[in-house]
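**Q** With the sequence up front, the predicted model follows.
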Amino acid sequence: MSLYSCSGTPQLLGMTLCNRRLLLYISLLLLTWLPWTQGRDVKPVKEKYLPDYTVYHNLTQVGAHIQELAQKFPAYLRLDTNYRSRKGRPQYVLRVSNFSGSYSIQHSTEVGLTPVKARILLAYGEHAREFFPVESMFHLLLNLTGGLTAPEGSHSRAYTSEILSKIDLFIVGIVNPDGRQYVEQTKNYCWRGTSTGVDLNRNFDWQFGGPGSSGDPEDEEYRGAAAFSEPECFVLTDLVTKFQFDAFLSLHSGTRDIYLPFSDSQSKQEQRKPKNLADQMRLAKLLSDSMVPEFQHGIGYELNQYTADGTSFDYMAGVKELPFSLAVEMWGDRDSPSKRCFDLFNPPNKDLQNALDEVQPLYETLFSYLSYWKERQAHSPFGVIEEPSMSFMYFCLAMTVLFVVFVCMHRHLPSSLRAFPKRRVISINRLWMMWRD
Ligand SMILES: *[C@@H]1O[C@H](CO)[C@@H](O)[C@H](O)[C@H]1NC(C)=O
Ligand SMILES: *[C@@H]1O[C@H](CO)[C@@H](O)[C@H](O)[C@H]1NC(C)=O
Ligand SMILES: *[C@@H]1O[C@H](CO)[C@@H](O)[C@H](O)[C@H]1NC(C)=O
Ligand SMILES: [Zn+2]
């Protein structure tokens, strides 16, 4: 009683000083709780609108539709259902290309027959509640296959022919089908994780365990017990080990941003930059500019207030060193007030088609830039990366200096060490004398 006794304290605005202190404690306590209660957990909320499964695909329809397309166009689409989630659901790996056409550019023999199709890996549905990217995958597939049945000589036909001849596209249709199943079954549209509540995009072996993730299983950014604890990661790590990809894109919704590597806490501290930064930035800018209004783009840790540790796209850049690795947030409006969950990541049913049409230029730009980039690579004498880097220039400079030093010092070396021990040196003087004689 004595410790918190308030008797005899002066009155201020009708409130004792002690009351005000109590109020302060309470509000401080509330403040520390706020991050918990605000969107960090994965409890369901009362939604503003819900998906209509005659407009959006549900998980059953996702599988059925992919299978139907693969069966219809076997010369251009190959489906692999062997990659599976923890609960054994297929993740639907679809390879899209013209498998009979071996596209090679004219001068490819000069540098040996390098494969000149740009090879791209697109990952959809890592986060359970983000339906929109999965829908955009269907939009893309319908666009490409639509061209196959379009009349000979039509624009759509020519467009598809060109893309399929220049691009070797791998699609992981739904990386996290268990999470999607959970969302549909429980109608908890705030659910982001796998069946065990792990955020797959914090479970990759790149800066795993950093502060840009959570160790709390109740948190929506729960990273899991260890890197790659979730079997759902395997499809991406395995594909990238078996095939040499030029580009990886991890597709999300919630905002309208394009992130370059890196997004982790350590990289932010070191200001670490990814390889091939200039070209990656060029691509990100082109992609952003193709959108109306344009997307934000930039290095993850620069664009975002928060960092993210253990993401798939940082892993593809940092560990696998792909020339391009981006995270694309395709839809959202972070400024809109009173967002719940489904509406934070997905447009209303009636606006879906329009929103899909609006993001289609992302793919168009991606394919045209990467096929152009790939051709330039094939033409470049070094085969790999574009402009000579600064370190290459320094290397050339150092070699030149060494060469000059070697030539100058050469005749001072003992004859056993000289490159040309018996070389006759004719001095300018003697030449001069010979000419005079
Ligand atoms: C998926 O959607 C279809 C079409 O609306 C519906 O017939 C089917 O029952 C749904 N499946 C599940 C598992 O919800
Ligand atoms: C695929 O490639 C083959 C062989 O080059 C070609 O004949 C065919 O027209 C191509 N298909 C499309 C849709 O362009
Ligand atoms: C696919 O998209 C391209 C570019 O946006 C467009 O030119 C083409 O007509 C579309 N094809 C179909 C079948 O819709
Ligand atoms: Zn996401």
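**A** Ah, there it is. Ligands and ions are numbered 1, 2, ... in the order given.

**Q** where does this structure dip in pLDDT?
**A** Applying pLDDT under 70 to the chain flags the ranges 1-41, 101-115, 334-336, 338, 381-392, 406, 413-437.

**Q** which residues in it form strands?
**A** With DSSP state E as the criterion, the chain has strands at 11-12, 15-16, 77-80, 93-96, 118-123, 167-172, 247-252, 257-260, 296-299, 324-329.

**Q** Please tabulate the ones you listed in a markdown table, including the columns distance to residue 48 and mean neighbour count.
**A** Where you see a C-beta, it was placed from the backbone N, CA and C, and this is true even at glycine. Output for the strands of the chain, formatted as a markdown table (distance: least, C-beta to C-beta, whole Å; neighbours: other C-beta atoms under 10 Å):
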| stretch | distance to residue 48 | mean neighbour count |
| --- | --- | --- |
| strand 11-12 | 43 | 10 |
| strand 15-16 | 39 | 13 |
| strand 77-80 | 36 | 18 |
| strand 93-96 | 33 | 21 |
| strand 118-123 | 28 | 24 |
| strand 167-172 | 30 | 24 |
| strand 247-252 | 20 | 26 |
| strand 257-260 | 23 | 25 |
| strand 296-299 | 25 | 19 |
| strand 324-329 | 20 | 26 |
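
**Q** Just put those in a markdown table and tack on distance to residue 131.
**A** Shown next, in a markdown table, are those (distance: least, C-beta to C-beta, whole Å):
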| stretch | distance to residue 131 |
| --- | --- |
| strand 11-12 | 54 |
| strand 15-16 | 50 |
| strand 77-80 | 21 |
| strand 93-96 | 18 |
| strand 118-123 | 15 |
| strand 167-172 | 16 |
| strand 247-252 | 11 |
| strand 257-260 | 18 |
| strand 296-299 | 22 |
| strand 324-329 | 14 |
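
**Q** Take those and write them to CSV, including distance to ligand 1.
**A** Below are those laid out as CSV (distance: least, C-beta to the nearest ligand atom, whole Å):
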stretch, distance to ligand 1
strand 11-12, 61
strand 15-16, 56
strand 77-80, 20
strand 93-96, 20
strand 118-123, 23
strand 167-172, 21
strand 247-252, 22
strand 257-260, 31
strand 296-299, 35
strand 324-329, 27
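
**Q** Quick one: the helices in the stretch 251-400 of the chain, in order.
**A** 265-270, 277-289, 300-303, 312-318, 342-345, 352-379, 390-409 (DSSP state H, counting those that start in this stretch).

**Q** Domain map for the chain?
**A** 1-36, 59-379, 390-436 (automatic domain parsing).

**Q** mind checking which of the ones you listed is nearest residue 52?
**A** domain 59-379 (4.5 Å; C-beta to C-beta).

**Q** what's the first-to-last distance across the closest one?
**A** 44 Å (C-alpha to C-alpha, to the nearest Å).

**Q** chain center to it: distance?
**A** Here domain 59-379 shows a centroid-to-chain-centroid distance of 6 Å under the convention C-alpha atoms, centre = their mean, to the nearest Å.

**Q** With distance to ligand 2 as extra columns, can I get the domains of the chain in JSON lines?
**A** Output for those, formatted as JSON lines (distance: least, C-beta to the nearest ligand atom, whole Å):
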{"stretch": "domain 1-36", "distance to ligand 2": "52"}
{"stretch": "domain 59-379", "distance to ligand 2": "3"}
{"stretch": "domain 390-436", "distance to ligand 2": "37"}
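
**Q** Buried deepest among those, which one?
**A** domain 59-379 (a mean of 19; mean count of other C-beta atoms under 10 Å).

**Q** Quick one: closest of the strands of the chain to residue 129.
**A** Nearest of those (C-beta to C-beta): strand 247-252, 10.4 Å.

**Q** Let me know whether the closest one sits next to ligand 4.
**A** Yes. Judged by C-beta under 5 Å from the ion, strand 247-252 and ligand 4 are in contact via residue 252.
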